[in-house]
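Asker: sequence plus predicted model, see below.
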Amino acid sequence: MNIRLKKRIFDKLYEDLKYAEIIDCMGSIWFVDRKKSYWYLQYEKSGKLYWMIDFFTDFFLLFSMGRLEYEQVIADWVEEVLNCKVDSTFYRNEWHFINFMKKCQTATNK
């Protein structure tokens, strides 16, 4: 991928996710917007990265990119933000946030 394009994508990700909280809970690091009850990313410390398909599909339409093209970009961005290694990526739907809220909300509000 062209380095200038990747930089623009990273800049746009930083801008669009600037209000997301990064929360360490349940052995994972989550990028969430509690006000909207929405999660974007879940990074398991084992190296697995889960990402919200609805958000990222819409996000990457701006760059005319499909899932096979942008999945690695998401992993690279998370590695930069968290200074970690992403070994594998998977997409998930919104239901997963409900599990996060049930298990983590009490812990993060203490």
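Answerer: Sure, I can see it. Numbering: from 1, shown residues only.

Asker: going forward, measure contacts and count neighbours with C-alpha atoms only.
Answerer: Noted.

Asker: may I see the buried residues of stretch 69-82?
Answerer: For stretch 69-82, a neighbour-count test (16 or more other CA atoms under 10 Å) marks Tyr70, Glu71, Val73, Ile74, Ala75, Asp76, Trp77, Val78 as buried.

Asker: would you mind listing the outside residues contacting the helix or strand where Trp77 lies?
Answerer: Counting by DSSP states H and E, the element that carries Trp77 is helix 67-82. Residues from elsewhere that reach helix 67-82 (CA atoms under 8 Å, 6 or more residues apart in numbering): Lys6, Phe10, Leu49, Thr57, Phe60, Cys84, Lys85, Val86, Thr89.

Asker: so where is the protein shaky, pLDDT-wise?
Answerer: 94-110 (pLDDT under 70).

Asker: ok, now with 90
Answerer: Filtered on pLDDT under 90, the chain yields the residue ranges 1, 25-28, 33-39, 53, 68, 91-110.

Asker: nearest residue to the middle of it?
Answerer: For the chain, the residue nearest the mean C-alpha position is Leu41 (2.6 Å; CA atoms, centre = their mean).

Asker: once you drop chain neighbours, what's closest to that residue?
Answerer: Counting by CA to CA, 6 or more residues apart in numbering, Leu41 lies nearest to Trp51, which is 4.5 Å off, once chain neighbours are set aside.

Asker: next secondary structure after the helix holding Trp77?
Answerer: Past helix 67-82, further along toward the C-terminus, the next helix or strand under DSSP H and E is strand 88-92.

Asker: and that following strand, which strands flank it?
Answerer: Strand 88-92 pairs in its sheet with strand 48-52 (parallel), by DSSP bridges.
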